[in-house]
Structures are given as C-alpha cells and as structure tokens.
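Chemist: please find the sequence and the predicted model below.
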Amino acid sequence: MKKIITISTILLSLLLVFGSCASKRYTKKGLKLEALGQYSDAADMFYQAVVIKKTNIEAVAGLKRTGQMTLSKKLSDFNQAYNNENDKEAVYYYQDAKNYYDKITGVGIELNFPSFYEEYYNEVKGNYLEDRYYEGSNLLDQEKFSDAETVFREIVKLQENYKDAKDKLITAVNEPKYREGLRLMDSEQFRKAYYVFDEIIKNAGAYKSSYDLKSECLTKGTITISIAEIKNNSSTSGLESVLGSKIISGIQSAGNPFIKLIDNQKSSFVKGNTESSQTKPDAILYCEITKFNYNAGNNKQTEKRGYLRKKVKVLNRETGEYETKTEYEKVKYYEYNMTRTLDMTVTYKLVNGRTNEIYRTNTKTVQTRDDIHYAKFTGDVNNLVPGYWKDVKTSSPEDYISDNQNAITELNNLLNARSQIKDYNTLSGEATDATASVVSEAVIDFVNEN
C-alpha cells in the first residue's frame with residue numbers, strides 16, 4: 001500500500017510540475033501578444049494558462065485585463081449594430097459577447113457586462129424574430145419548404161417557444177416527405193413509401209395520416225414467400241433440414257417487415273400470419289443440394305535439420321581464464337502441414353407462386369477449409385536454431401546456421417502455431433451458414449428491389 005501511495009504522489013507531483021510549466025508558457029505568450037495590442041489573442045493565451053493552473057496570479061490578472069477589452073469590443077459591435085437598426089447583426093453580436101462572457105466567468109474571472117445590454121438584446125431579438133417568422137410563413141405558403149426549414153430552425157434556436165415556430169418547422173421538414181410518400185403509393189411503390197412514413201413518424205409523430213398510411217403500405221407491400229422442401233442429392237442425410245432452418249433464420253434476422261415466410265413442409269406461416277395454409281404465396285423458394293464433399297486431408301510430416309544452441313565455458317590458455325562461448329549441436333525437428341476442406345453446392349430458384357415465372361435463379365458453391373502449419377521439437381525449444389546440416393557426424397560446406405532474429409522468430413511462430421485442425425462438424429456448420437446466407441440474401445434483395 002505504501003508503494004502505491006508513493007507512486008501516486010510522484011505522478012501527481014509530475015503533473016503539477018508539467019502543468020505549472022505549461023501555464024507559464026501560455027502566460028508569456030499572452031504578455032507578448034498584449035504588448036503588441038492583440039488583446040483577443042492574448043486573452044486566449046491567458047485563458048489557457050488559467051485553465052491549466054487557476055492559481056497563476058499573473059495569468060488571472062492578464063485574463064481580466066485582456067478579457068474585459070475583448071468583451072468590450074464585442075459589446076461595442078453589438079451597440080453599433082443596434083444603433084444602425086441592423087437586427088440580425090445585433091442579435092448575433094450579442095450572442096457572441098454573451099458566450100464569451102460565460103466562457104471567461106467559467107474559470108472564475110468576473111468581467112463587467114452591463115445589464116442594460118440584455119434589454120437592448122431582447123428588443124432587437126423580438127424585432128428580428130418577428131421579421132423572420134413573417135418571412136418563414138410566406139415561404140411555407142409558397143411551398144418553398146427547404147428555405148422555410150432554414151428560417152424556422154433559426155427561430156427555434158434563438159427562442160424555442162416562439163409562437164408556433166416549432167410546428168411550422170415540423171411542417172417544413174415533413175410535408176415534402178409526406179407528399180413523396182403519397183407519390184410512391186400512387187405508383188405502387190409501397191415498400192419505399194413505408195420507410196418514408198416511418199421516418200416522418202420518428203421525426204414528428206402523428207403527422208397528418210402517417211400512421212395509417214404506413215400501415216396501409218405494410219399491408220400492400222408485404223410479400224408471402226413459401227419455402228419448398230429442400231432436395232438433398234448428396235449422400236449426407238439430414239443436411240436439408242439444417243440448411244432450411246438456417247435460411248429461415250437468415251431471412252428473419254434481417255427484420256424486413258415486408259417478408260412473411262411460409263414453411264411449405266409445415267403448411268403454415270412461419271410467423272406473424274393467421275391466413276389459411278391454402279393461400280397461394282407470392283413467391284416460392286426452391287433449393288437443391290447438389291454436392292457436399294468432405295476431404296479430411298492428411299497431416300504431412302517433414303523432417304527439418306537445425307541446431308541446439310548451448311552456452312559453454314572454455315579455458316583460455318593464454319589468459320588462464322574461462323570464457324563463455326556458443327556451441328551448436330546438430331538436432332532434428334519436424335514441421336507439419338495439413339489442409340481440410342468441405343465443398344457444398346446449392347442451386348436455388350425463386351418463382352412466382354401463381355404463374356411459376358422465375359424471378360431469379362443461381363448455383364453457388366461454397367468451400368470451407370482450414371490449414372495448419374506448425375513445428376514440433378522434443379528438446380529445449382527456447383534454444384532451437386534453424387539451419388541445415390548434411391551429416392550429423394561430419395561438417396560439410398552445405399551446412400549453415402541461421403542464428404538471426406528473423407529466422408528464429410519465424411521458427412518460433414511455427415513452434416507456437418495452432419496444431420489442431422477444424423473438425424467435420426465445424427467445417428460443415430460454416431458451409432451451411434455461408435450457403436444459407438447466400439440464399440437468404442438473394443430473397444431479401446429480391447424483396448427490396450421489387
């Protein structure tokens with residue numbers, strides 16, 4: 001506990017020292033800028049110094065001087081705009097001055113901000129808002145919605161509760177969308193219209209008839225899709241039920257409100273529908289598994305020749321002292337390579353449930369595989385060095401030792417590499433997942449495009 005307290009104290013002391021130095025640097029910059037008459041920039045430097053260290057008396061005094069000068073200049077700009085009856089400039093000059101005042105007082109520096117300026121501001125703001133409200137209302141009457149939105153956003157920002165500006169802003173934003181939704185419905189693009197009304201409801205709630213129209217679009221835009229029994233032409237039994245279940249899950253997980261699935265094998269809707277099982281679906285999905293091949297692979301072993309590095313002490317006859325030298329003993333280790341694959345081919349077809357017209361069809365082959373490459377050594381792996389030797393007892397010009405960082409790192413990666421390859425169940429699951437994803441995405445894309 002004592003060590004923790006000591007370290008914390010040291011860190012705190014370092015932070016205080018660095019903070020104090022930074023505060024002094026900002027103060028020096030502020031003094032230089034003040035001497036040049038650049039009071040606003042000087043105030044920024046003093047402000048940074050005070051933020052870092054509030055007990056910096058020189059920075060506090062500098063900020064009070066230059067901050068007041070900066071504020072006075074901003075108030076002077078407001079006063080001039082007010083006298084010239086330039087309402088917009090006056091409003092924003094005042095806000096700039098007030099924001100600056102709040103910023104400086106936020107670090108404990110009190111500046112002089114005469115209260116009569118607020119009275120002038122409220123007067124000029126009232127005039128400006130009245131003019132803007134009249135302008136925005138005219139734009140709304142002329143159905144210039146984008147321009148009206150800009151005006152009413154400004155009004156609400158300046159005074160949130162000004163007259164019915166909020167309501168008019170809602171109209172300016174959502175009326176064009178509402179009309180677009182109606183247009184899409186007239187052209188029977190119900191799914192696109194649904195999302196338009198959904199956006200309106202999220203933004204504005206019960207705007208006109210958005211709720212009812214959204215519901216109507218959902219009803220008219222829904223597509224019922226029957227999933228026919230999957231044909232399994234492979235030798236792996238039960239594969240069709242696994243794939244069928246994953247296709248259904250994939251389609252449902254997309255959360256598309258316009259898709260209602262019918263499981264043809266159960267003769268009922270999968271979810272959210274109480275219609276008769278005799279109702280003809282809008283589309284039928286047919287799938288056929290044409291190939292499912294598993295190749296377990298063989299673990300190929302390759303003999304490698306390297307060296308075991310040893311540190312030994314030898315006597316230096318000239319000095320009479322022992323010295324440490326590195327010796328290399330010839331050893332063998334082994335590398336292993338193995339690949340395991342599973343290939344799955346599926347043909348799918350989406351057809352019209354009433355006319356048998358083919359909407360789309362495709363054949364997709366998915367391969368899942370796993371590769372392992374690793375090394376094993378029964379001795380001291382920490383001192384194993386890659387290289388090559390021709391004969392364990394004699395030296396050869398072909399012998400070499402790769403005792404360098406790159407070669408050793410590469411060998412260590414193999415020694416620490418994964419040696420367990422994925423099993424059949426894992427690869428099978430990945431293959432059916434990928435295949436189901438292809439089919440379910442094709443169905444979803446069809447609904448989104450039509």
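Modeler: Yes, it's here.
Chemist: going by C-alpha atoms from here, please, whenever you check contacts or count neighbours.
Modeler: Fine.
Chemist: pLDDT weak spots in the stretch 151-300 of the chain?
Modeler: Along the stretch 151-300 of the chain, the parts satisfying pLDDT under 70 run over 263-278.
Chemist: where do the strands sit along it?
Modeler: For the stretch 151-300 of the chain, the strands defined by DSSP state E, counting those that start in this stretch cover 223-227, 231-232, 259-263, 268-269, 283-295, 300-316.
Chemist: nearest to Gly126, of those?
Modeler: strand 259-263 (53.3 Å; C-alpha to C-alpha).
Chemist: now that closest one and strand 283-295, what's the angle there?
Modeler: 70 degrees (axes from the mean of the first three to the mean of the last three C-alpha atoms, to 10 degrees).
Chemist: which secondary structure elements does strand 259-263 sit against?
Modeler: If contacts are counted by 3 or more C-alpha pairs under 8 Å, 6 or more residues apart in numbering; DSSP states H and E, strand 259-263 sits against strand 223-227, strand 268-269.
Chemist: how does this structure divide into domains?
Modeler: Domains of the chain are assigned by automatic domain parsing as 20-114, 130-221.
Chemist: show me how far the longest strand along the chain is from its chain's centre.
Modeler: Criterion DSSP state E: the longest strand present in the chain is strand 321-352. Distance, stretch centre to chain centre, for strand 321-352: 34 Å (C-alpha atoms, centre = their mean, to the nearest Å).
Chemist: before we move on, what about stretch 421-437?
Modeler: Per C-alpha atoms, centre = their mean, the centroid offset for stretch 421-437 relative to its chain is 27 Å.
Chemist: one more: stretch 239-254?
Modeler: Offset of stretch 239-254 from its chain centre (C-alpha atoms, centre = their mean): 27 Å.
Chemist: next: stretch 95-114.
Modeler: 38 Å.
Chemist: show the end-to-end separation of that stretch, please.
Modeler: Start-to-end span of stretch 95-114 (C-alpha to C-alpha, to the nearest Å) is 14 Å.
Chemist: can you pull out the low-pLDDT segments for the stretch 301-450 of the chain?
Modeler: In the stretch 301-450 of the chain, no residues with pLDDT under 70.
Chemist: 90 instead?
Modeler: 312-324, 448-450 (pLDDT under 90).
Chemist: spit out the contact partners of the nearest residue to Lys168 once chain neighbours are set aside.
Modeler: Residue nearest to Lys168 in three dimensions, not counting chain neighbours: Phe152, with 7.1 Å by C-alpha to C-alpha, 6 or more residues apart in numbering. Listed by C-alpha atoms under 8 Å, 6 or more residues apart in numbering, the contact set of Phe152 reads 132-133, 136, 165-166, 168-169.
Chemist: Asp370: which of the residues you listed is nearest?
Modeler: Leu169 (58.4 Å).
Chemist: you'd agree that closest one is up against Glu149?
Modeler: Yes - using C-alpha atoms under 8 Å, Leu169 is in contact with Glu149, at 5.7 Å.
Chemist: so for the two, which residue has more residues nearby?
Modeler: Set Leu169 next to Glu149 and count neighbours by other C-alpha atoms under 10 Å: Leu169 wins out with 24 against 21.
Chemist: could you pull out the strands for the stretch 351-450 of the chain?
Modeler: Using DSSP E, counting those that start in this stretch, strands in the stretch 351-450 of the chain cover 358-376, 384-388, 400-401.
Chemist: tell me how far the last one lies from the chain's centre.
Modeler: A distance of 49 Å separates the centroid of the chain from that of strand 400-401, by C-alpha atoms, centre = their mean.
Chemist: what's the distance between Thr55 and Phe446?
Modeler: 68 Å.
Chemist: in the protein, which residue is closest to the centre?
Modeler: Ala254 (18.6 Å; C-alpha atoms, centre = their mean).
Chemist: spit out the contact partners of that one.
Modeler: Contacts of Ala254 by C-alpha under 8 Å, 6+ apart are Ile444.
Chemist: likewise for Tyr194?
Modeler: With C-alpha under 8 Å, 6+ apart, Tyr194 has these contacts: 181, 213-215, 217-218.
Chemist: most neighbours among the residues you listed, which one?
Modeler: Gly181 (27 neighbours).
Chemist: what's the neighbour count on the nearest residue to that residue once chain neighbours are set aside?
Modeler: Spatially, and ignoring its direct neighbours in sequence, Gly181 is nearest to Ala193 (4.6 Å; C-alpha to C-alpha, 6+ apart). By other C-alpha under 10 Å, 28 other residues sit near Ala193.
Chemist: so Ala193 makes contact with Met185?
Modeler: Yes - here Ala193 reaches Met185: they are 6.1 Å apart, a contact under C-alpha under 8 Å.
Chemist: between those two, which contacts overlap?
Modeler: Joint contacts of Ala193 and Met185 (C-alpha under 8 Å, 6+ apart) are Cys217.
Chemist: ok, which stretches of the stretch 101-250 of the chain are helices?
Modeler: 116-141, 145-158, 165-186, 190-204, 210-221, 239-253 (DSSP state H, counting those that start in this stretch).
Chemist: buried ones in stretch 116-133?
Modeler: By 16 or more other C-alpha atoms under 10 Å, the buried positions in stretch 116-133 come out as 120-121, 124-129, 132-133.
Chemist: pull the number of nearby residues for Gln80.
Modeler: Neighbour tally, Gln80, other C-alpha under 10 Å: 14.
Chemist: what residues does it make contact with?
Modeler: Contacts of Gln80 (C-alpha under 8 Å, 6+ apart): Ala90.
Chemist: how close does Asn203 get to Leu184?
Modeler: Taken as C-alpha to C-alpha, the span from Asn203 to Leu184 is 19 Å.
Chemist: need the strands of the stretch 351-450 of the chain in TSV (columns: distance to Tyr26 and mean neighbour count).
Modeler: Listed next are these as TSV, based on distance: least, C-alpha to C-alpha, whole Å; neighbours: other C-alpha atoms under 10 Å:
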stretch	distance to Tyr26	mean neighbour count
strand 358-376	58	16
strand 384-388	57	21
strand 400-401	59	15
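Chemist: ok, which of those comes nearest Ser23?
Modeler: Of all those, strand 384-388 comes closest under C-alpha to C-alpha, at 55.5 Å.
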